[in-house]
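Q: fold the stuff below for me.
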Amino acid sequence: QVQLVESGGGSVQAGGSLRLSCVASGTIFSVDHMAWYRQAPGEQRELVAIIESDSSTDYADSVKGRFTISRDNAKNTVYLQMDSLKPEDTAVYYCNAAVQIYYRDYRFLNYWGQGTQVTVSS
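A: The predicted model follows:
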């Protein structure tokens with residue numbers, strides 16, 4: 001059984017910073033991409049940032065230059081450093097990862113964390 005557990009959410013004023021963390025635990029053979037999504041009330045879930053196994057990254061246009069995604073492969077952990085936060089960044093942030101497990105064969109499955117709330121006040 002694989003679990004993704006996020007931490008680091010909270011409330012901050014506009015212009016402030018937060019750092020989210022997500023740890024993948026369980027019987028894991030490898031991790032491919034790791035990503036952060038977010039979902040604001042009444043909105044669809046959207047991709048914020050993604051980091052591949054080779055550490056290449058991509059970001060939503062709305063966060064480029066303000067957010068930084070990174071990973072620690074030894075700890076199966078992904079981070080999201082969020083700077084210059086804006087009220088429109090308010091959302092529940094979800095961790096996502098493609099994790100290789102063994103179930104009758106080696107395979108990659110997509111997992112989600114439970115979400116962490118980020119609230120930015122003006």
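Q: quick one, phi/psi of the residue lying farthest from the centre of the chain?
A: Ranked by distance from the centre of the chain (Cα atoms, centre = their mean), the top residue is residue 104, with 28.7 Å. When read as degrees, to the nearest 10, the backbone of residue 104 gives phi 70, psi -20.
Q: run the chain-centre distance for the longest strand seen in the chain.
A: Secondary structure assigned by DSSP state E gives strand 91-102 as the longest strand of the chain. Centroid separation for strand 91-102 versus its chain: 7 Å, with Cα atoms, centre = their mean, to the nearest Å.
Q: got a list of contacts for the helix or strand following it?
A: Next along the chain after strand 91-102, taking DSSP states H and E as the criterion, comes strand 106-112. By Cβ atoms under 8 Å, 6 or more residues apart in numbering, the surrounding residues in contact with strand 106-112 are 2-4, 24, 29, 32, 94-101. All C-beta spots, glycine's among them, are computed from the backbone N, C-alpha and C.
Q: in ChimeraX, select just the buried ones from those.
A: With 16 or more other Cβ atoms under 10 Å as the criterion, this ChimeraX line picks the buried residues out of those:
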select :2,4,24,94,95,96,97,98,99,101
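Q: grab the two from the contacts of strand 106-112 that are most spread out in space.
A: 29 and 94 (22.9 Å; Cβ to Cβ).
Q: residue 116 contacts residue 18, doesn't it?
A: No - counting by Cβ atoms under 8 Å, residue 18 is not a contact partner of residue 116; they are 9.5 Å apart.
Q: surely residue 88 is within a strand?
A: No - judged by DSSP: H, G, I helix; E, B strand; the rest coil, residue 88 forms no part of a strand; its state is helix.
Q: how near is it to residue 66?
A: 11 Å (Cβ to Cβ, to the nearest Å).
Q: who has more neighbours, the two?
A: residue 66 (15 against 11; other Cβ atoms under 10 Å).
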